[in-house]
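Novice: Task: produce atomic coordinates for the following.
(one chain, ligands or ions: 1)
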Amino acid sequence: MEMLLRAFGITKTYGAFTALSDISFDVSKGEVVAVVGPNGAGKTTLVSTLSGLYRPDSGDVIFEGRSVLGLGPAALALRGLARSFQLVTVYPTFTVEDMIAVGAFARAGETFRLWKPACLYKAERDEVREIAAAFGLSHRLSTPCSALSQGEKKLVDIASALTLRPRLMLLDEPTSGISSADKHRIMETLLDAARRCGVESLVLVEHDMDLISRYATRVIGLKAGQIVADMRPDAFFRDPEVIDTLVGKVPHHALG
Ligand SMILES: Nc1ncnc2c1ncn2[C@@H]1O[C@H](COP(=O)(O)OP(=O)(O)OP(=O)(O)O)[C@@H](O)[C@H]1O
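Specialist: The predicted structure follows:
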């Protein structure tokens, strides 16, 4: 399987505190990697380091065979490794169409110049509409983001990142704040839309074991900044020691 991302020897400190310690793993085409672990394990720090927001103290991040250290999130997204940034909550008065367009404009070299009249960008608008359709958001294009449900807000954020057509997408808790009843629908929509938009691999921080057992192809377990498990979900859910270390009790139905 083609390797897209390689992280090796990643150490990240905050002052005297070591949040990530010598983290190494690869992500190949076709994988949906769930990153799990207790609060403070370093999951968000890992996503922020992989996506160029933080520079590690040591180690390297290789994407498509080249180091991407120091590129920063915007340049990295344009290179094909993107994360969502929860901009919907930052710009609640923007319509769904404008919010999704942020990424399309960035790809066109118009880095987040949102004040420009939207009508100037016919090609980008067409693409925005195509992506909105993949996310089932066509009927919401002119709705202000503030009027969306929590699940729709998550989808708009991810849709915006997808206009950059990334090969690999990093998602930090894509279903947080969404009711249990809606989580599966949102996860299915986002995975299906991501594939349709050309995403080849996903790395997501996720706490919901039921979602992981159903949608992940691999689980990486972090504890105190170190990888303590890297395995297929079926093996993960059948390892009581790993479960106890990383998540405590697992819902019975996640065990299949
Ligand atoms: N900017 C920062 N400055 C100092 N310490 C930080 C900073 N960001 C995170 N930390 C600390 O680093 C550790 C890892 O934090 P991180 O947010 O990556 O963990 P997490 O696994 O995502 O946790 P959670 O599940 O609670 O979101 C925690 O102890 C946190 O307090």
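Novice: gap between residue 173 and residue 26?
Specialist: Using CB to CB, to the nearest Å, one obtains 23 Å as the distance from residue 173 to residue 26. Quick note: C-beta positions are derived from backbone N, CA and C, even for glycine.
Novice: out of those two, which sits in the more crowded spot?
Specialist: Between residue 173 and residue 26, counting by other CB atoms under 10 Å, residue 173 is the more crowded of the two (18 against 15).
Novice: Averaging pLDDT per element, find the lowest-scoring helix or strand in the protein.
Specialist: When the helices and strands of the chain are scored by mean pLDDT, DSSP states H and E, helix 96-107 comes last with a mean of 80.
Novice: got the residue ranges for the strands in the protein?
Specialist: 3-14, 17-28, 32-36, 58-63, 66-67, 81-83, 168-172, 201-205, 218-223, 226-231 (DSSP state E).
Novice: Do me a favour and average the pLDDT over the fifth one.
Specialist: For strand 66-67, the mean pLDDT works out to 94.
Novice: now it: how far from the chain's centre is it?
Specialist: 20 Å (CA atoms, centre = their mean, to the nearest Å).
Novice: mind listing what that strand pairs with, with the direction of each?
Specialist: Strand 66-67 has its sheet partners listed here by DSSP bridges as strand 58-63 (antiparallel).
Novice: hmm, who's touching the strand it pairs with?
Specialist: The contact list for strand 58-63, computed with CB atoms under 8 Å, 6 or more residues apart in numbering, reads 4-11, 22-24, 49-50, 52, 67-69, 76, 79-81, 168.
Novice: Which parts of it count as buried, going by neighbours?
Specialist: Buried residues in strand 58-63, counted by 16 or more other CB atoms under 10 Å: 59, 61, 62, 63.
Novice: Nearest to residue 128, out of those: which one, please.
Specialist: For the buried residues of strand 58-63, the closest approach to residue 128 (CB to CB) belongs to residue 63, at 25.4 Å.
Novice: Pairing partners for the closest one in the sheet, please.
Specialist: Assigned bridge partners for residue 63, using DSSP bridges, are residue 5, residue 66.
Novice: Look up the closest residue to the residue positioned nearest the centre of the chain, ignoring the ones flanking it.
Specialist: By CA atoms, centre = their mean, the chain has its centre lying nearest to residue 171, at 1.5 Å. Spatial nearest neighbour of residue 171, chain neighbours left out: residue 204 (4.1 Å); criterion: CB to CB, 6 or more residues apart in numbering.
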